[in-house]
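Engineer: With the sequence up front, the predicted model follows.
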Amino acid sequence: MGKEEQVEEREVLDSIFPEEITDISENEYRITVKLNPPEDNNDEEPLEPPTLILHVRYPDDYPDVAPILDISAPANAPPHPLFSVSGDKEQLLKGLDDTVQENLGMAMVFSLVTTLTELAEQLMAERKDAVERVREEALLAAEREENKKFHGTPVTPETFLKWREGFMREMEEERQREEEERLAELKKAKIKEAPKLTGRQLWERGLVGKIEEEDDDVPVEQVEKLKIAA
C-alpha cells in the first residue's frame with residue numbers, strides 16, 4: 001500500500017514541478033524551491049532571489065510515517081542578506097513538523113513544499129522589517145540631533161538659577177564700569193576748571209585789587225562788601 005501511494009505521489013509531483021524535481025533513486029528525490037523575497041524600496045540593484053533544495057526520501061511505510069527530509073543550498077549560490085540556508089535550516093525543518101503530523105497517512109510532499117516556502121519567505125520579510133526599523137530609528141535619531149540646533153536649552157529650575165546668576169553678575173559688572181567712567185569724567189572736569197575762591201579767601205590773600213584789574217567779571221560792589229565785613 002505504501003509503495004503504491006509513493007509512486008502515485010511522485011507522478012503528481014512531476015506534473016507540478018516538471019523543471020524543479022530531480023530523482024536521486026527510486027524512493028529519493030530533491031525539489032528546487034525558488035523564493036520570492038520582499039520588495040526592496042531602495043534604489044539598489046535587485047539581488048538574485050535565494051534558492052533552496054528540499055531533499056525527500058521515502059521510508060517503506062510512508063505516508064503512514066514521516067518522510068526523511070533535508071534542506072541544502074544550490075552549488076555556488078550567491079549569498080542573500082535576508083536568507084541563509086545553512087543558518088536557517090534547523091528552524092525551517094522544525095517548522096515542518098506540524099505539517100507532517102497533520103498529513104500522516106496522506107501524500108504530503110506538496111504541502112511540505114508550500115509550508116517550507118512560506119516559512120522561508122516569512123523569515124525574509126521579518127528580517128527586512130527589522131532592517132527598516134533600524135534604518136528609520138537611525139534617521140529619526142539624526143533628525144532629533146539636527147533639530148536640537150534650532151531649539152534652546154529647556155528651562156529648568158537649575159538652568160534658570162544658573163542664567164540668573166550670570167545675568168546679575170553681568171549687570172553688576174556693567175554698573176561698576178559705568179560708575180568708573182562717571183568718576184573718571186568728573187576727575188577730568190575738576191582738573192580743567194580751577195577752583196573758585198570765596199570773597200573772604202580773595203581778601204585774605206590780597207587778591208582783590210589784582211582781580212579788579214585783571215578780571216572785569218568780579219563786581220566792585222562785592223569786593224567793597226567784603227572789605228566792610230573784614
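Structural biologist: Thanks, I have it.
Engineer: Need phi/psi at Ser86.
Structural biologist: Listed backbone geometry of Ser86 is phi -70, psi -40, with angles given as degrees, to the nearest 10.
Engineer: wait, isn't it in contact with Pro79?
Structural biologist: No: in this structure Ser86 lies outside contact range of Pro79 using C-beta atoms under 8 Å: 10.3 Å. To be clear about C-beta, it is placed using only N, CA and C from the backbone, and glycine gets the same treatment.
Engineer: What is the burial count for Glu179?
Structural biologist: By other C-beta atoms under 10 Å, 10 other residues sit near Glu179.
Engineer: scratch that, Tyr62
Structural biologist: Counted with other C-beta under 10 Å, the neighbours of Tyr62 add up to 22.
Engineer: what residue ranges in this protein score low on pLDDT?
Structural biologist: Under the criterion of pLDDT under 70, the regions of the chain flagged as low confidence span 1, 41-45, 150-154, 190-230.
Engineer: quick one, helices of it?
Structural biologist: Remark: helices of the chain, listed N- to C-terminal, are 2-16, 85-95, 97-102, 109-147, 157-192, 199-204, 208-214, 220-229; assignment by DSSP state H.
Engineer: for these, which one sits closest to Ile71?
Structural biologist: Minimum separation from Ile71 across the helices of the chain (C-beta to C-beta) falls at helix 85-95, 4.9 Å.
Engineer: mind listing what Val100 touches?
Structural biologist: Neighbouring residues of Val100 by C-beta atoms under 8 Å, 6 or more residues apart in numbering: 66-67, 108, 112.
Engineer: Taking the centroid of the chain, which residue is nearest it?
Structural biologist: With distances taken as C-alpha atoms, centre = their mean, the residue of the chain nearest its centroid is Ala141 (2.0 Å).
Engineer: check contacts around that residue.
Structural biologist: When contacts are taken as C-beta under 8 Å, 6+ apart, Ala141 is in contact with no other residue.
Engineer: how close does it get to Arg133?
Structural biologist: When distances are taken as C-beta to C-beta, to the nearest Å, Ala141 and Arg133 turn out to be 12 Å apart.
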